[in-house]
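In: the following block contains a protein sequence and its predicted model.
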Amino acid sequence: MSGKTLAEKILSDKSGDDVRAGDYVEATVDTMLTHDITGPLSFQTFYEVAGEDASPQNPESILLAIDHHAPADGVQAANNHNILREFGEKHGVAQFEVGDGICHQLVVEEGFVKPGDLVIGADSHSTTFGGLGAFGTGVGSSDLGTAMATGELWFRVPETRRFEVTGELSPGVYAKDLILKFIGDVGFAGATYMAAEYTGSAIESLPIHERIVLSNMAIEMGGKAGLVEPDQRTVAFLEAQTGESVELDPNLYSDDDAEFASVERYIGEEIEPQVSKPSNPENAVSVSEVAGTSIDQLFVGTCTNGRYEDIKIVADILAGETLAQGTRMVVVPASRRVYQKALETGVFQTLIDAGAIIQSAGCGPCAGYHQGVLGDDDVCLATANRNFPGREGSMQSQVYLASPATVGASALYGEITDPRSVESKLNRHDDYILSEVQR
Ligand SMILES: CC(C)[C@H](C(=O)O)[C@@H](O)C(=O)O
Ligand code: SF4
């Protein structure tokens, strides 16, 4: 038998079987998350499967977040929030409030994931946790409800499509540019039901918050998961974040003789800053191809690039400057701790002085619900992950996707701008540990 990929190893471990791509498994789930949109239906399925008086198998493995319509933007959202609160209280489940942050960020910050775990979420960006060497994947609400009842879920073991980046990334080029490039190259469905795996020296040298960006957007090429092999940096990050010691299973890597669906090879130094044009993340081009495109709104946030390090990159560029005339910038931190940190360090003051709007932690206008919805003629440059028609508002509006550095540089001129033109202001931040920041 051939060796195993990281995905095959994790699903073998969680099912107790020696499995390969294509096999079906019943696997034990370590962490499950749901939120104010998918929670109510998950709970309904849970009660149908487990019975009206039942409790979840492992209440401590569940995380509920009020993040999508938070604060409530209407009566239905407010009622959904109450359904989450009630379920959380009744079953002793960790339930995060309005303003605490985006579910995916909370899983990472609150110690709900470690390398080798199997994490499911009733949200498509649950691939995020692959950045920490966990098999994270999005599932439907009914699957989530079933897993809450049984502690398990079935999976078809995915094939692995590998993205190998040697060398290192140049100044002004970040994980966001890498993932946009990958998606552009393989297409929107290029890794459908596969585990995307990111490897090579340029990936190994990335801080955890950037690895998470690669995993988070695996779903934008159809990926079932997006994995980075965990290492000592992963361990150090999690230990600092949680205050607990983390054991790294030395077997959590893809074997040399594992079978891959394909291996795409890149040289880090050759990657340029990328921008995905409307209205699909796969429309990625080098920034030079769209430089000069006029922008109305800049959006900094989301589970992809709403972390402290991302917001700081934007603030580094805007320090002492003001937004270009006629543009507006909406900043939505990914969590309350990110908010606090940006407040304490003056990052928010810098952005406010530049003319930005700071909003409470959550999804913000990412999926077009509130807090910065776009009108018909609006053009937005966002650090987000999706730019489908109507994603952030009107079906006629246009959304371009880019890194925080490209958004920051573009804010200075009101048009898409190569971040390398402000090279002296560009930084690559190591991971900030938010465990000591109050929530
Ligand atoms: C609302 C939710 C189900 C959805 C998802 O699963 O991705 C949202 O988070 C998104 O990004 O579009
Ligand atoms: S920030 Fe956007 S992509 Fe992430 S979970 Fe929220 S709506 Fe979905």
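Out: Sure, I can see it. Ligands and ions are numbered 1, 2, ... in the order given.

In: and ligand 2, is stretch 33-41 touching that?
Out: No. Residues of stretch 33-41 are not located near ligand 2 by CB under 6 Å from any ligand atom, the shortest gap being 7.4 Å. Heads up, the C-betas are built off the backbone N, CA and C, glycines and all.

In: is that stretch positioned near ligand 1?
Out: Yes. Judged by CB under 6 Å from any ligand atom, stretch 33-41 comes into contact with ligand 1 at 37-38.

In: identify the bridge partners of Phe135.
Out: Leu118 (DSSP bridges).

In: do you know the pLDDT at it?
Out: As predicted, Phe135 sits at a pLDDT of 99.

In: residue numbering should commence at 47 henceforth.
Out: Okay, residue one is now 47; in that scheme the one you just asked about reads as Phe181.

In: now do it against Leu199, distance only.
Out: Phe181 is 11 Å from Leu199, where distance means CB to CB, to the nearest Å.

In: which of the two has more neighbours?
Out: For Phe181 and Leu199, the more surrounded residue by other CB atoms under 10 Å is Phe181, and the numbers stand at 29 against 21.

In: for Ser107, what are its contacts?
Out: Neighbouring residues of Ser107 by CB atoms under 8 Å, 6 or more residues apart in numbering: 75-78, 197.

In: at 7 Å instead, please
Out: 75-78 (CB atoms under 7 Å, 6 or more residues apart in numbering).

In: dump these to TSV, plus secondary structure and distance to Gly218.
Out: Shown next, in TSV, are these (DSSP: H, G, I helix; E, B strand; the rest coil; distance: CB to CB, whole Å):
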residue	secondary structure	distance to Gly218
Val75	coil	39
Asp76	coil	37
Thr77	strand	35
Met78	strand	38
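
In: are any of these buried, and if so which?
Out: With burial judged by 16 or more other CB atoms under 10 Å, the buried subset of the contacts of Ser107 is 75-78.

In: and the stretch 147-296 of the chain, which residues reach ligand 1?
Out: So the stretch 147-296 of the chain meets ligand 1 at 169-171, 184 (CB under 6 Å from any ligand atom).

In: do the helix or strand where Ala388 lies and ligand 2 meet at all?
Out: Here Ala388 sits within helix 382-390, counting by DSSP states H and E. No. Helix 382-390 stays clear of ligand 2 (CB under 6 Å from any ligand atom), getting no nearer than 12.6 Å.

In: again with stretch 431-446
Out: Yes. Against ligand 2, stretch 431-446 shows contacts by CB under 6 Å from any ligand atom at Asn431.

In: residues of that stretch that come out buried?
Out: Result for stretch 431-446 [16+ other CB under 10 Å]: buried residues 431-433, 437-439, 443-446.

In: for these, which one is nearest Gln484?
Out: The nearest member of the buried residues of stretch 431-446 to Gln484, counting by CB to CB, is Asn431 at 28.3 Å.

In: next, the buried residues of the helix holding Ala388.
Out: 382-388.

In: right, I'll leave it there.
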